[in-house]
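*Asks:* My questions are about this predicted structure, shown below with the sequence.
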Amino acid sequence: MTNYILENTYASLGDFFSTKAYVDKAIKPEMIVFNDDLNKELHLPNQVDYYCGLKNLDNSIPIAMAYAGHQFGYFTKLGDGRAILLGEVLDTNKQLNDIVLKGSGKTTYSRGGDGKASIGPMLREYLVSESMHALKIPTTRSLALVTTGEKVRSTTIEDGAILTRVASSHIRVGTFEYAYAFGGTDQVKILCDYTINRHYPDLNDKPNKYIEFFKEVMTRQAKLIASWMHVGFIHGVMNTDNMAISGQTIDYGPCAFMDYYQKDTCYSSIDVNKRYAYNNQANIAMWNLARFVETFLFLFDEDIEIAASIANVIINGFKEIYDHYYYLGYANKLGLETYTSQDKTLIDNLLSLMEEVHVDYTNTFVYLTLNQIEKSPLYKNESFLFWYEQYQERLSSQDLSKEQIQALMKTNNPVLIPRNMWIEDAIKQAEKKDYSLFKALLNLLKNPYDYSQEQLDYMDVVTTSPFGYKTYCGT
């Protein structure tokens, strides 16, 4: 017996929002990794049969969620074609968490596919999502990775795998688009009220909770995207169906981390026009939010023109909110507690120099943190040396000791990130049923801000992505 009985609040919304689903039973399952740290909050069973269809969690009602979305700007009807929501579990903080199996079989929305997943993409999501959590960035998490004992067709024939994903919910901008396009205002209001009750219950006491709801979602997204930028994370496929209303990072398909700093870096093989490049992520977030608010404008005001005017005022404030989190984060990375307009120039100039000299993004901030900037190619650049003098003057203007400055920087500059080529090497080994590198990386990346000697040693042997490196949307 499990310690918790699953709840099914989303399934209770009715057949419009989801359809019943059936988890295929694995042929010969093997638990590759189980997240004991996460499970301290969930208290679910550490038994492989529960995560591959051989046993059911108590009170589970498996469903596939319906949603739509703008994919690369074009609207389409979608749904969980490879994911099945088993139900929700109440964690130790009294918060509901979705328990989802990815790669567990065909659903109503599989669109001709078999609903199965291969080991590579599931390993990538497990490793990157747990790394994002360690980096203190809101994210879905991974509870278990199981191989199924069967072969599945991806780009090649590979070992089948199922990932158990945990999220505060899987409600997306695309869920609202689906409700609006195919259910009308009644279904949108049902979804709005459910989402507010689940994620933003304090808003129920506000005069117009729907306006405040949009403001809260927008603020969370602005803060989230800024945090991606600070660690060089590139989502790769920011379609509206991949923006969670909770403010968590969701869907680790063609994602990657930037090696050398270049603003328009884009690794995704399917993003040929760089729509979701590193420096465009904030713009896309704002675009997605516009699609979101369009679905429930009627709840702002009975007069749709007044409602649209209210929404425009709010969404036009996105850049100011985003810039606040963006520049404050960079100020902290440089050891500054606050920032001024002059600090914005200092930050922008550093990033320009980093791009000009073509330096590693993560390592540059670690060298600054450790006061070892002479190890960076930047140290040979005269413009940088001038910048560095200005930077030292700015640091000395604070009422902080050197130790306090370095402590602030260590808290905001990870020594290690999940390097693209480390992930690729781990996937190649896993395809040969060797999971040792995957597990070693999981352990290494658990505490990215520790500045341990082991981490610093790895930093010195960083393997950068080769020219033309591409990631693929296998999840």
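*Replies:* On my side now, so go ahead. Numbers count the residues shown, from 1 in each chain.

*Asks:* So which elements touch the longest helix seen in the chain?
*Replies:* Longest helix in the chain by number of residues, with DSSP state H as the criterion: helix 209-231. Judged by 3 or more CB pairs under 8 Å, 6 or more residues apart in numbering; DSSP states H and E, helix 209-231 is in contact with helix 185-199, helix 281-294, helix 304-315, helix 318-333. Every C-beta, even on glycine, is put in place using the N, C-alpha and C of the backbone.

*Asks:* Next, format the ones you listed as TSV and append mean pLDDT, distance to residue 342 and mean neighbour count.
*Replies:* As requested, these are arranged in TSV below (pLDDT from 0 to 100; distance: least, CB to CB, whole Å; neighbours: other CB atoms under 10 Å):
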stretch	mean pLDDT	distance to residue 342	mean neighbour count
helix 185-199	98	38	17
helix 281-294	98	22	20
helix 304-315	97	29	14
helix 318-333	98	11	18
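
*Asks:* among those helices, which is nearest residue 23?
*Replies:* Of all those, it is helix 185-199 that lies closest to residue 23, at 24.0 Å by CB to CB.

*Asks:* other SSEs contacting that closest one?
*Replies:* Here helix 185-199 touches helix 173-182, helix 209-231, going by 3+ CB pairs under 8 Å, 6+ apart.

*Asks:* which residues are contacting the shortest one?
*Replies:* Same thing as helix 173-182. 16-17, 65-70, 75, 77-78, 187-188, 190-192, 239-243, 245, 288-289, 291-292, 294-296 (CB atoms under 8 Å, 6 or more residues apart in numbering).

*Asks:* by how many degrees do it and helix 185-199 diverge?
*Replies:* For helix 173-182 against helix 185-199, the angle by axes from the mean of the first three to the mean of the last three CA atoms, to 10 degrees is 160 degrees.

*Asks:* Of all the residues in helix 173-182, which ones are buried?
*Replies:* By neighbour count on 16 or more other CB atoms under 10 Å, the buried set for helix 173-182 is 173, 174, 175, 176, 177, 178, 179, 180.

*Asks:* repeat for stretch 248-265
*Replies:* By 16+ other CB under 10 Å, the buried positions in stretch 248-265 come out as 248-261, 265.

*Asks:* start to end distance for it?
*Replies:* End-to-end span of stretch 248-265 (CA to CA, to the nearest Å): 22 Å.

*Asks:* How far does it sit from its chain's centre?
*Replies:* How far stretch 248-265 lies from its chain's middle: 10 Å, per CA atoms, centre = their mean, to the nearest Å.

*Asks:* and residue 77, what is it in contact with?
*Replies:* Residue 77 neighbours (CB under 8 Å, 6+ apart): 68, 178, 181, 182.

*Asks:* do that again at 6 Å, thanks
*Replies:* Contacts of residue 77 were listed using CB atoms under 6 Å, 6 or more residues apart in numbering, and they are residue 68.

*Asks:* How much space separates it from residue 229?
*Replies:* For residue 77, the distance to residue 229 equals 32 Å [CB to CB, to the nearest Å].

*Asks:* Likewise for residue 420?
*Replies:* Taking CB to CB, one finds residue 420 at 17 Å from residue 229.

*Asks:* the more surrounded of these two?
*Replies:* Taking neighbours as other CB atoms under 10 Å, residue 420 and residue 229 compare with residue 420 leading, 22 against 19.

*Asks:* Which residue, neighbours along the chain excluded, lies closest to the more buried one?
*Replies:* residue 465 (4.6 Å; CB to CB, 6 or more residues apart in numbering).

*Asks:* isn't there a strand covering that neighbour?
*Replies:* No - Residue 465 is assigned coil when assessed by DSSP: H, G, I helix; E, B strand; the rest coil, not a strand.

*Asks:* ok, it touching residue 259?
*Replies:* Yes - Residue 465 is within contact range of residue 259, at 5.1 Å (criterion: CB atoms under 6 Å).

*Asks:* Of all pairs in the buried residues of stretch 248-265, which one is the farthest apart?
*Replies:* In these, two members sit farther apart than any others by CB to CB. They are 248 and 260, at 28.3 Å.

*Asks:* Contacts only, for residue 159.
*Replies:* Neighbour list for residue 159: 119, 147 [criterion: CB under 6 Å, 6+ apart].

*Asks:* Is it part of a helix or strand, or is it coil?
*Replies:* Residue 159 is classified as strand under three-state DSSP.

*Asks:* Low-confidence regions, the stretch 1-150 of the chain specifically.
*Replies:* 1-4 (pLDDT under 70).

*Asks:* Can you show me the strands along it?
*Replies:* Counting by DSSP state E, counting those that start in this stretch, the stretch 1-150 of the chain has strands at residues 18-20, 30-34, 63-65, 68-71, 74-77, 83-90, 96-102, 117-118, 141-153.

*Asks:* So what's the residue count around the residue lying closest to residue 99 once chain neighbours are set aside?
*Replies:* The shortest distance from residue 99 to any non-neighbouring residue, by CB to CB, 6+ apart, is to residue 86 (4.7 Å). Residue 86 has 25 neighbours, counted by other CB under 10 Å.
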